[in-house]
Every structure is written in structure tokens, then in C-alpha cells.
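A.B. asks: Next input, structure requested:
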Amino acid sequence: MAGDDNSSANQTSASDTVKAEEEGAEQTSPENDTLEPIASPEQHNPPPEATLSAPAPAKLRRSLDECRVDVTVYKGSPWKIAVAERLNRVLEDVRRAVATAGWTIAADGTIVSATDGGTTAQMREAAAVVDGIASSVANGKAVLESPAPRIGNFTNWLNGRLTQNGLMSAYRCLHSAEAAAILLLNTDGLVAAMPGISQKVSAFLPQDDANSVALDALLATIGLPGLMRSNSAQHTAAVVAPGPAAGGVQPKAQLQPGQADVLGKDQETAAGILKAACDSEDRQQQAVQDFRGTLYGLFLGSVLLAILVVIAGVLWPHSLSLCVPLAGGKANALICPTGGAKASPGDVPLIALMGVLGAAISAGQVLASPKPSGVPYSPSVAQGLVKTALGPLIAVLGIIVASSLLTGHPGILGSRAALLTAGVVFGYSQQVLTRLIDSKATSLLQAASPATPAG
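C.D. replies: This next block holds a predicted model:
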């Protein structure tokens, strides 16, 4: 009996054990999400190569050689040659900066160490910067190589002539590449680039601009206080926090093994300042271009109006008579611009021609006056065209008004020579109206010129 009891007890214990195992299996089954599966030792302690493995290196989408611009194909286009040379210079600066950092651009487009072929996070960041520079240069190259609009499509052709076929687009790509290239300079290269950055800022950013103040602080930090726009002691004390080095110059940060002296805080500050100055330059150059386009529009409108006036004078000479009382003649005797005693179809065209001659003298003065350097767009030709278009209108209107005001003094305009001379004088007198245009053009050119300091 005792044996049977023991056997029954053992069976009961085994049954309980089986049920417990089944319940444990249900709790750890994939269908039960309440408990995490027990991690294996390998999961808690991954192999060293899994811990040290880095993300896939960033790659250049295009090689620097593909972005290089062939300068020889732009003969006869000085601005295209200038932009192409500067784009190629940016590519050379990038190559030099990569080599100076002890890196190289591998065949697959990655930036790796020149010694062991390894890559770091800084190299991957540099690859992203280089790729952005290459994209800007490639975009600038595409603008330069875009074909000029054909004259068959008059609207596109005229727009291309007014904008010089993408001049501003090419310069924006160039400026973006130049600013980004500053990130790849080491400390010595940054110091060498600061005079050019300072000159750009002085030309296109006012002294109280936040970027100008940041530039002065950076110049003092890297040891170039002589380039600061404001060298007063109060200003220097305001922008420079005294550091452990003499003169407030901060010592170089200690680099980690395998780290290059690039992509630092100073480089980022300088790149941002240069980009702000370039953006300001682009806006001011765009303002000159827009103003020039406005002048061309005013010229076309004035030409159309002058043509309508001449046509009206030819078709209805008596309705638009320019004849005046003859000096010393009989009562009601008239003298007209063509020499006749009554209005003829040639009177208005002749006076209009005299107005063009007078306006041409004024236009010649504008073209001969000195202009600020460094501005690719020049509104001088447009200014001259506006003057010559307004000249005939002012001449015809001036003689009509003068003849009505001088009815009691017929001797003043009482000869053919006097009428023709008055036409020239009135044509030149458009200078009174266009002086505002000349003043506006001068102010825009001075603001857009790198040789003129910003206000």
C-alpha cells in the first residue's frame, strides 16, 4: 500500500511539473507580448567588430574632375571666363584642403585617410561638404554651358539679352561654393582667407550688421585685430573676451588622434559670414539688373510713344502744328520747321530728329562718366537709350508750349533756325527729368561695387 501511495505521489508531482512547464512555455511563446525573450550572451556582449563598425562612408555623387569647367570655350564672353576660372579655383582649393588634412578622395568617391585608408565621422562630414561644393560648381557649369535663346522666340531672346543669359544664376552658384569651401580650411588657411572675407564684408554689409560684429570678434579671436572694421578700444573690448593667450587670442583646440584641423567653429563662423556678404552682393547686383530692365522697358515705351507722335504729325500736320509767327513778317505770317508758311507732314519728324540730337549729347555725357568697378551689369547704355527716346517727345512738346507762351514775342522763335535750335535745346532738356534716373543708377552701382565700402 505504501508503495502504491508513493507511486501515486510521484505521478501527481510529475503531472504538476508538466503543467508548470506548459504554462511557462505559454508565457514565453511568441504569441505572448508581455514578456521579453531572454537575450543570449552574444546579444549582451556583441563582438568587437560590431561595436566598432561605422556607418557607410558618404560618397561624392560626382567627381571633381567632372565638375571642372573648360574656360577656352567661352571666348568673347568675359564674364563667363571670370566665373569659370573662379569655379575651377574652388575645386583646386578643395583638393588642396583635402590633401592638407591628410586625406584623399578614393575612386569610389569617399574621403579616406591617405595613410591607412580608414574613415572617420569627420571625413564623412567633409565628404558631405565636398559633395555640396561639387553640386554648386556643377550647377554653375550648367548655367555657363546653357545655349543662348534663339531670336525666333523673341520673349526668351530678349530676357536672355537683358539678364546676360543667367549671369546672376552663375554667380550665385559660385558664391555658394566659395562660402562652403571655407569649412575645409585649417586654421592657417582660415587666417590667410580672412583678408578677402573682411574686404567682402566691408563692401556689402554695414558696420552695425550682426555679421560684421561677428567678423570683428572672429578676427580678434584668431589674432587679426588689425582687420577689424572698428579698431577702437571700446569696440575691441566688447567683441573680444579675454583669453589665456596674450591679446585675447584663443589657443588652438587639442585635436583627437586622426582628426584634422577643419570643420571647426571658426570655420563655420567664417563661412556663414562670407555667405551673408555674398547674399548681400547678389541682392545688390540683382537690384542693378532689375533697374536696367526697367530702363529698357521705359525706353521701349518712350520709343512707341514717339513713333505715335511722329505718325500723328505726318497724318494730321495741322492738328499738331509746330509753326510760329514769322519775325518781322506780315500779320498772321507763319514760319514752320521745314521752312514753309503752313504746316506740313515733315514738321514733326524734323523737330523730333532735332530732339534726338540734343538728347544724344546728354547720353554721351552719361556714357563717358566714370563708373564704379566690379559690377557686371551696367545701366549706362539703358540710360542713354531712355534719354534719346525722351528727347523727341520733349522737343515736340516744348515747342508747342513755347509757341503758346510767346505769342506776344514772335521774334524769339520767329525763324526756321530758331525752331530747329529750340528742338535741340528741348531735346537736351530731358536731362532735367532723367537726372533722377542718373542719381538712382549711381547709388545702385556704388552699392553693388566691391570697391565702394558699405554704408
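
A.B. asks: C-alpha from now on. contacts and neighbour counts both.
C.D. replies: Will do.

A.B. asks: Look up how far Asp116 lies from Val129.
C.D. replies: Applying CA to CA, to the nearest Å, the value for Val129 to Asp116 is 22 Å.

A.B. asks: Could you pull out the strands in the chain for me?
C.D. replies: Listed in chain order, the strands of the chain (DSSP state E) span residues 103-105, 111-113, 324-325, 334-335.

A.B. asks: partners of the last one, with directions?
C.D. replies: Read it as strand 334-335. When sheet partners are counted by DSSP bridges, strand 334-335 sits next to strand 324-325 (antiparallel).

A.B. asks: What of the first one?
C.D. replies: When sheet partners are counted by DSSP bridges, strand 103-105 sits next to strand 111-113 (antiparallel).

A.B. asks: Do me a favour and get the end-to-end distance for stretch 402-419?
C.D. replies: For stretch 402-419, the end-to-end distance is 10 Å (CA to CA).

A.B. asks: ok, the closest residue to Gly384 other than its chain neighbours to Tyr428 distance?
C.D. replies: Nearest residue to Gly384 in three dimensions, chain neighbours excluded: Ala363, at 4.4 Å (CA to CA, 6 or more residues apart in numbering). Going from Ala363 to Tyr428 by CA to CA gives 9 Å.

A.B. asks: Those two: which is more packed in?
C.D. replies: Tyr428 (27 against 22; other CA atoms under 10 Å).

A.B. asks: okay, now Ser439: neighbour count?
C.D. replies: Ser439: 10 neighbours (other CA under 10 Å).

A.B. asks: the more surrounded of Val129 and Asp116?
C.D. replies: Taking other CA under 10 Å, Val129 and Asp116 do not tie; Val129 has more neighbours (20 against 8).

A.B. asks: For this structure, give me the ranges with low pLDDT.
C.D. replies: 1-58, 148-165, 229-259, 329, 331, 407-411, 455 (pLDDT under 70).

A.B. asks: Domains in it, by residue range?
C.D. replies: Domain ranges of the chain: 64-277, 286-448, per automatic domain parsing.

A.B. asks: between those domains, which one is nearest to Ala454?
C.D. replies: Across the domains of the chain, Ala454 has its closest neighbour in domain 64-277 (4.9 Å, CA to CA).

A.B. asks: residue contacts, the residue nearest to Ala441 when sequence neighbours are not counted?
C.D. replies: Spatial nearest neighbour of Ala441, excluding adjacent residues (CA to CA, 6+ apart): Pro379 at 7.0 Å. By CA atoms under 8 Å, 6 or more residues apart in numbering, Pro379 lies in contact with 288-289, 291-292, 295, 441.

A.B. asks: give me the number of residues near Val401?
C.D. replies: A count of nearby residues for Val401, using other CA under 10 Å, gives 12.

A.B. asks: shouldn't Ala97 be in contact with Leu185?
C.D. replies: Yes: here Ala97 reaches Leu185: they are 5.9 Å apart, a contact under CA atoms under 8 Å.

A.B. asks: Of the two, give the one with the bigger neighbour count.
C.D. replies: Using other CA under 10 Å, the more surrounded residue of Ala97 and Leu185 is Leu185, with 27 against 21.

A.B. asks: Correct me if wrong: the more buried one contacts Val262.
C.D. replies: Yes: judged on CA under 8 Å, Leu185 makes contact with Val262 at a distance of 5.6 Å.

A.B. asks: Could you list which of the contacts of Pro379 belong to helices?
C.D. replies: For these, the ones inside helices are 288-289, 291-292, 295, 441, with DSSP state H as the criterion.

A.B. asks: a markdown table for those residues, including neighbour count?
C.D. replies: Output for these, formatted as a markdown table (neighbours: other CA atoms under 10 Å):
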| residue | neighbour count |
| --- | --- |
| Val288 | 25 |
| Gln289 | 23 |
| Phe291 | 20 |
| Arg292 | 22 |
| Leu295 | 21 |
| Ala441 | 20 |
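
A.B. asks: Tabulate those residues in a markdown table, adding columns for distance to Ile335.
C.D. replies: As requested, these are exported to a markdown table (distance: CA to CA, whole Å):
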| residue | distance to Ile335 |
| --- | --- |
| Val288 | 47 |
| Gln289 | 47 |
| Phe291 | 43 |
| Arg292 | 42 |
| Leu295 | 37 |
| Ala441 | 41 |
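
A.B. asks: ok, for Leu390, nearest residue in space, not its chain neighbours?
C.D. replies: Closest to Leu390 by CA to CA, 6+ apart is Ser302, at 6.1 Å.

A.B. asks: residues in contact with that neighbour?
C.D. replies: 386, 389-390.

A.B. asks: Put together JSON lines for those residues, with distance to Arg62 and neighbour count on each row.
C.D. replies: Formatted as JSON lines, the contacts of Ser302 follow (distance: CA to CA, whole Å; neighbours: other CA atoms under 10 Å):
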{"residue": "Val386", "distance to Arg62": "47", "neighbour count": "25"}
{"residue": "Ala389", "distance to Arg62": "51", "neighbour count": "27"}
{"residue": "Leu390", "distance to Arg62": "53", "neighbour count": "28"}
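
A.B. asks: now, among those residues, which is nearest to Leu190?
C.D. replies: Closest approach to Leu190 among these (CA to CA): Val386, at 47.1 Å.

A.B. asks: wait, the closest one sits on Phe299?
C.D. replies: Yes: counting by CA under 8 Å, Val386 touches Phe299, with 4.6 Å between them.

A.B. asks: quick one: Gln286 from Val375, how far?
C.D. replies: Distance from Gln286 to Val375, by CA to CA: 10 Å.

A.B. asks: Ala142 too?
C.D. replies: Distance from Ala142 to Val375, by CA to CA: 22 Å.

A.B. asks: One more: Pro450?
C.D. replies: Between Pro450 and Val375 the computed distance is 8 Å (CA to CA).

A.B. asks: got it, and Leu353?
C.D. replies: Distance from Leu353 to Val375, by CA to CA: 34 Å.

A.B. asks: ditto for Met123
C.D. replies: Between Met123 and Val375 the computed distance is 38 Å (CA to CA).

A.B. asks: So for these two, which sits in the more crowded spot?
C.D. replies: Neighbour count, other CA under 10 Å: between Met123 and Val375, Met123 has more, with 25 against 19.

A.B. asks: check contacts around the more buried one.
C.D. replies: Counting by CA under 8 Å, 6+ apart, Met123 touches 111-112.

A.B. asks: next one: Ile400
C.D. replies: By CA under 8 Å, 6+ apart, the contact set of Ile400 is 321-322.

A.B. asks: Leu350 and Gly339 touch, don't they?
C.D. replies: No: in terms of CA under 8 Å, Leu350 does not count as a neighbour of Gly339; the distance is 11.0 Å.

A.B. asks: And the helices in the stretch 351-455 of the chain?
C.D. replies: Listed in chain order, the helices of the stretch 351-455 of the chain (DSSP state H, counting those that start in this stretch) span 380-405, 416-428, 431-448.

A.B. asks: same question, the stretch 51-200 of the chain
C.D. replies: According to DSSP H, counting those that start in this stretch, the helices that the stretch 51-200 of the chain contains are 64-67, 78-100, 121-145, 154-163, 167-181, 187-204.

A.B. asks: what's the spacing between the third one and its chain's center?
C.D. replies: In terms of CA atoms, centre = their mean, to the nearest Å, the centre of helix 121-145 is set 17 Å apart from its chain centre.

A.B. asks: Alright, that wraps it up for me.
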